[in-house]
Each structure stands twice: as C-alpha cells, then as structure tokens.
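Participant: A predicted structure for the sequence below; I have some questions about it.
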Amino acid sequence: MRLLFLGDVMGRSGRAAIADRLPRLRSEWRLDFVVVNGENATHGMGLSPDHARLFLDAGADVVTLGDHAFDQRDMLQGVEREARILRPLNYSKSAPGRGARVFEAPGGRRVLVAQVLGQVFMKRPFDDPFSAIDGTLRNARLGAAVQAAIVDMHCEATSEKMAMGHFCDGRASLVVGTHTHVPTADAQILPGGTGYLTDAGMCGDYDSVIGMDKAEPMTRFVTGMPKGRFQPASAEATLSGVFVETDDRTGLALRIAMVRQGGRLQQAAP
C-alpha cells in the first residue's frame, strides 16, 4: 500500500497548498491512503469543520487534530459529525469524537489511524499515550485485522516520539511525529519493520517562525514583551510529510521517504 502523511497545516498558505497540490500528488504517486494533520489550519489555531472538508475534498482520507483540537468551537460538533476527523486518543474520556478508527482503502484493505498526545513539555496533563495506543494496536493487529496502521504522535519532545516509535515497532506501518512544525531528517525503517519519522514538519510558509509571521515572535524573544497578535505567515507553503510503501501481507514498511513539495524546502519526489 502507498501511504502519505502530511504534517501540521498552518494557516491560509498551508490550506492553499493542500488544495492545489494534494489532488495531483494523489494521482501521480498512485496513493492508496492519505492522512493530513490539520490542527493549525484555521488562523494558526485549531481547525474548523469547513477547512477539514477542504482537505477531505482535496484527497485526504483522514484528518488528525492535536492539542489545539477544539480551539475552533465548531469542531466540538464537527468531530462528532465527520468520522474522518480524529482527535487525540488520550484526551479526556468525555471529549467528543474518537482518537482511533479503522478506515477502508482501495481493494477492500483496512487502515487503522490513531493519534496520541505526548506528555513531556506539554502544557496540560493527558492520559498515558503508551497504554492508550497499546490497547488500540492489540485490538487492530497489523497483518490480520488491518493491512496498515498509522500512528500520529503529537508532542514536543523528540525523545518521547522516538520511544513511541520503538514501542510500536512491528505493530504499526508508520509512526510519525507532529506538533513542532520543524521537519526532521531521520526517516527510517525500525528493526521490527515500522516506518518512523520524528517530525513530519508543517505544511506552511517556512519563511517564518514555525509558521507565524516573523515580526511578533521575534519582538517577544528580543524584548520579552508582546506588541501584537501572532499571524500565520502567508507566502508559498511547502508540503512537508512522509511517504511509506508497505507490504499488504504484513503491513510493515518496505520503503520510506521524506516529502518536501514546493515553497522554500522543495525536493525531488520520493
């Protein structure tokens, strides 16, 4: 199976990049399944149901959220109405929506997608992500109940992301980090056969401070004082993420490649 995961979509430029480029990539790369993390797509803070539909219409099969899942209040109802939007698995049990689900792919194949939030350096305490994902992977075994499994590890610490990759090794097709908006260069297949990337980066304007217009973050770093509001940077976005090809029989990764399309980080196709 040919899988594509795209990192945190940031603001208007990120949305435009998804709408403009994903349909072509889906066709040219013969993609079977696409996941987009969209939690910063609406004004840089959260995701609206309308913008989630834009990603689904452009070719995403699933949209994941993150710690800003419900910054846009409409998503409280939107995540209940649209099964293809996932919030973190280890949110409060009373939170709307679901954090993991099995989806249909072409040819009758089944794909598990799950998202968990890390605990290190995060502002709010969340349930243990390791026990949360462990139960999910046990209930949807790779190579049996599902032909592919994608885990979005949304957190700050690279060490926690790496630990999650090894924890899921052999039980997931791909473990990919999101949240920091900075793409890492460590795409690899772990010893047990799981594709891994510490952070997918963002789909946004990289002439910025993690997707925000540079002026306000720099003012705050230099002076320690706010001068205005954060605004998403608006120049051409780079689509950042990871491509994985898997074995349909085992669900394990055969090939993995980082994706950087357009904008300042353009690179060749995988």
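Facilitator: Looks like it arrived, so ask away.

Participant: drop to CA atoms for contacts and neighbour counts, all remaining ones
Facilitator: OK.

Participant: Quick one: the strands in the chain, in order.
Facilitator: All strands of the chain, identified by DSSP state E, fall at 2-6, 8-9, 33-37, 62-64, 85-86, 100-104, 110-117, 148-154, 174-178, 188-189, 195-197, 202-203, 239-246, 253-261.

Participant: Return the residues in contact with Pro23.
Facilitator: Neighbour list for Pro23: Ala58, Gly59 [criterion: CA atoms under 8 Å, 6 or more residues apart in numbering].

Participant: Please report how far it lies from Ala17.
Facilitator: Separation of Pro23 from Ala17 (CA to CA, to the nearest Å): 10 Å.

Participant: Equivalent analysis for Met75, please.
Facilitator: On the measure of CA to CA, Met75 and Ala17 end up 22 Å apart.

Participant: distance between the ends of stretch 247-254?
Facilitator: Stretch 247-254 end-to-end distance (CA to CA) = 6 Å.

Participant: Poorly predicted segments of the stretch 151-270 of the chain, please.
Facilitator: Applying pLDDT under 70 to the stretch 151-270 of the chain picks out residues 268-269.

Participant: does Ala200 really touch Pro183, like I thought?
Facilitator: Yes: when contacts are counted by CA atoms under 8 Å, Ala200 is listed as touching Pro183 (5.1 Å).

Participant: got the contact list for Arg255?
Facilitator: Ile189, Gly195, Val244, Glu245, Thr246.

Participant: Kindly state the beta-bridge partners for it.
Facilitator: Taking DSSP bridges as the rule, Arg255 bridges to Glu245.

Participant: Pick the most buried one from the strands of the chain.
Facilitator: strand 8-9 (a mean of 34; mean count of other CA atoms under 10 Å).

Participant: ok, so of the contacts of Arg255, who is nearest Phe130?
Facilitator: Taking CA to CA as the measure, Phe130 sits nearest to Gly195 out of these, at 17.7 Å.

Participant: one step back: redo the strands of the chain as a markdown table? Include distance to His166.
Facilitator: As requested, these are arranged in a markdown table below (distance: least, CA to CA, whole Å):
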| stretch | distance to His166 |
| --- | --- |
| strand 2-6 | 19 |
| strand 8-9 | 23 |
| strand 33-37 | 21 |
| strand 62-64 | 22 |
| strand 85-86 | 23 |
| strand 100-104 | 19 |
| strand 110-117 | 15 |
| strand 148-154 | 12 |
| strand 174-178 | 9 |
| strand 188-189 | 11 |
| strand 195-197 | 9 |
| strand 202-203 | 23 |
| strand 239-246 | 17 |
| strand 253-261 | 14 |
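
Participant: Quick check: which of these is nearest to Phe230?
Facilitator: Closest among the strands of the chain, using CA to CA: strand 8-9, at 16.0 Å.

Participant: so what secondary structure elements neighbour the closest one?
Facilitator: Here strand 8-9 touches strand 33-37, strand 202-203, going by 3 or more CA pairs under 8 Å, 6 or more residues apart in numbering; DSSP states H and E.

Participant: So what are the sheet partners of that strand and their directions?
Facilitator: Paired with strand 8-9 in the same sheet, following DSSP bridges, are strand 202-203 (parallel).

Participant: Touching the strand it pairs with from outside, list them.
Facilitator: Strand 202-203 is touched from outside by 6-10, 14, 17-18, 181-183, 211, 237-241, with contacts defined as CA under 8 Å, 6+ apart.

Participant: for that strand, the distance to its chain's centre please.
Facilitator: How far strand 202-203 lies from its chain's middle: 9 Å, per CA atoms, centre = their mean, to the nearest Å.

Participant: go on, stretch 10-25?
Facilitator: Taking CA atoms, centre = their mean, the mean C-alpha location of stretch 10-25 is offset from the chain mean by 14 Å.
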